[in-house]
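Enquirer: turn this into a model:
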Amino acid sequence: MKAAKVGKKVNGPETRIFELAERSDQMGTKYAYFFGSGKADGQGNSSDLLGGKEANLAEMARMGVSVPPGFTIITNACNIYLGNQSYPKELEAKYEVEISKVILL
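Expert: This next block holds a predicted model:
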C-alpha cells in the first residue's frame, strides 16, 4: 500500500491515504488494521490477531466483495486495556490515521 509502488503519481484523497498508511507503519506496533475499497491490511487467517469478524471482512475486501471501509483495533490492544485500564500510548495516533483513511474514502 505504498505510493512508491504506483507507476504514476496519484493526486487527491488516495495520495493522502498512502501517506497516512506509511506514517502508521513507521510508528512501531500495528494496533489497527484497515479494510475496504478492495484492500485490507489483515487476512482471513488472522482471527487470533484481529478477531473473527475483521479477519472475514479483510478476506472479503481482498476478494473484491463490496465492504464498507473500516478498521479493527487488534485483540492485544484490548487485552492491554483490560490489564492496565489504559490503552497503549501509540494507539491514539494510529487510531487517528485509520479514521482518516476511512473518512478519505
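
Enquirer: for the lengthiest helix in the chain, which positions count as buried?
Expert: For the chain, the longest helix by residue count, based on DSSP state H, is helix 89-104. By 16 or more other CB atoms under 10 Å, the buried positions in helix 89-104 come out as 91, 94-95, 97-98, 100-102. Backbone N, C-alpha and C define where each C-beta goes, glycine included.

Enquirer: same question, stretch 43-56
Expert: Quick answer for stretch 43-56 (16+ other CB under 10 Å): 44, 46-47, 49-51, 54-56.

Enquirer: output the lowest mean pLDDT helix or strand found in the protein.
Expert: helix 13-25 (a mean of 51; mean pLDDT, DSSP states H and E).

Enquirer: ok, Phe71 touching Glu98?
Expert: Yes: shown here, Phe71 and Glu98 form a contact pair, counting by CB atoms under 8 Å, at 3.9 Å.

Enquirer: so what sits against both of the two?
Expert: 32, 34 (CB atoms under 8 Å, 6 or more residues apart in numbering).

Enquirer: what helix or strand is Cys78 located in?
Expert: In this structure, Cys78 sits in helix 75-84 according to DSSP states H and E.

Enquirer: and that helix, what does it pack onto?
Expert: helix 47-50 (3 or more CB pairs under 8 Å, 6 or more residues apart in numbering; DSSP states H and E).

Enquirer: how about residues contacting the helix it packs on?
Expert: Contacts for helix 47-50 (CB under 8 Å, 6+ apart): 33, 42, 54-56, 58, 72, 74-76.

Enquirer: now flag whichever of those is closest to Gly64.
Expert: Within these, distances to Gly64 taken as CB to CB reach their minimum at Ala58, with 12.6 Å.

Enquirer: I'd guessed that closest one sits against Gly38; true?
Expert: No: using CB under 8 Å as the test, Ala58 is too far from Gly38 to be in contact (11.3 Å).

Enquirer: got any ranges where this structure has weak pLDDT?
Expert: 1-28 (pLDDT under 70).

Enquirer: returning to what we had before: helix or strand right after the least confident helix or strand of the chain?
Expert: By DSSP H and E, the next helix or strand past helix 13-25 is strand 32-36.

Enquirer: what's the helix or strand following that next one packed up against?
Expert: Counting by DSSP H and E, the next helix or strand C-terminal to strand 32-36 is strand 39-40. Applying 3+ CB pairs under 8 Å, 6+ apart, one finds that strand 39-40 contacts helix 52-63.
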